[in-house]
Every structure is written in C-alpha cells, then in structure tokens.
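Engineer: compute the structure for the input listed below.
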Amino acid sequence: VSLPNHGGSTVSNPKGLTIPNMAEALGKVMSHYGCTGSTLIGYSMGGRLALYMGLRLPYTIGQVVVVSSSPGIEARSDRDERRLKDEILARDLREKGLRRFLDDWYSQPLFEKLKTSDDFEAILARRQAGDAVKRQRRNQES
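Structural biologist: Here you go, the predicted structure:
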C-alpha cells in the first residue's frame, strides 16, 4: 500500500497528512482486506507510521518491521530546527525547480558513491518523471 502522495498513490486524505490520520486510514484498509494481524513493513515515513500503529493501534497489526526510520526527534528545540530546515528545502524546491533541487540534494557527501554509479542519470530521470506525473495529476484535479 502506498501512503497518500507517495509511490503510485493518487489518494489524498481529506483529514490531512498526519501520522494519526494515515494510521486510521491504513487501519481501515487493512480491516477491509482482512489484513489485521499482518506484519506491517514501513520505510522512512512509513516506518514512523508502522511504529505509531504498533504503539497506538496494536490490535491492527501483528508485527512491525521498520527500515530507515526513527521514532522522531524528542527535544522540541531539535524538532523546531528540523522543521525550519524542512521549510527551507520545500522553499528551494518550489523556487529552484526539481532538477536544481535534485542537483543540490545529491551534492551531499552521503550520495558521493551513488553519483559515480552508471545508474545515476537514470535515477535522476525517474525522479523527474515522477514529478511530471504528479504535476499532471494536480492539473487534472484542478
């Protein structure tokens, strides 16, 4: 299952994209398809969702597998600092466009090895193609 606005999902949550709202929606999907008690595997934000469901809605799942995620930032000052950094990233994405944003993003030391990969340009192309698909969906919804 792709979360709203993730993967191939075209579904948005009218209540807002918060972890509690997504957990409620995912719980309903799992119940509808008879998946309660299943192992929930979450990557990145999906991992946070899986952790939330394991703690707050344990009756909906059997086990949780979390990949590349954490329960969040504990200290309020650290959360505020992270929120500011995220707002700056979002502004840069809007103002510079996706290609420049991706160039800046992948210039981080974390991605040095990836950038030397033969697949790097294909990865960038897929990222940009996904952006075009989302833009097309937004235009169709308007």
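Engineer: at the geometric centre of the chain, which residue do we find?
Structural biologist: Centroid check for the chain by CA atoms, centre = their mean gives M45 as the closest residue, at 4.8 Å.
Engineer: pLDDT score for that residue?
Structural biologist: Reported pLDDT at M45 in the predicted model: 86.
Engineer: looking at V29 now. What's its pLDDT?
Structural biologist: V29 is given a pLDDT of 87.
Engineer: ok, back up a step: OK, contacts around the residue nearest to the centre of the chain?
Structural biologist: M45 makes contacts with 3, 6, 69, as judged by CB atoms under 8 Å, 6 or more residues apart in numbering. Placement of C-beta: from N, CA and C, glycine included.
Engineer: need the buried ones from these selected in PyMOL.
Structural biologist: A single PyMOL command selects the buried members of the contacts of M45 (16 or more other CB atoms under 10 Å):
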select buried, resi 3+69
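Engineer: quick one: which of the contacts of M45 is nearest to L57?
Structural biologist: Each of the contacts of M45 was scored against L57 by CB to CB, and L3 proved nearest at 15.5 Å.
Engineer: against R94, how distant is that closest one?
Structural biologist: L3 sits 22 Å away from R94, going by CB to CB, to the nearest Å.
Engineer: closest one of the contacts of M45 to L49?
Structural biologist: L3 (6.9 Å).
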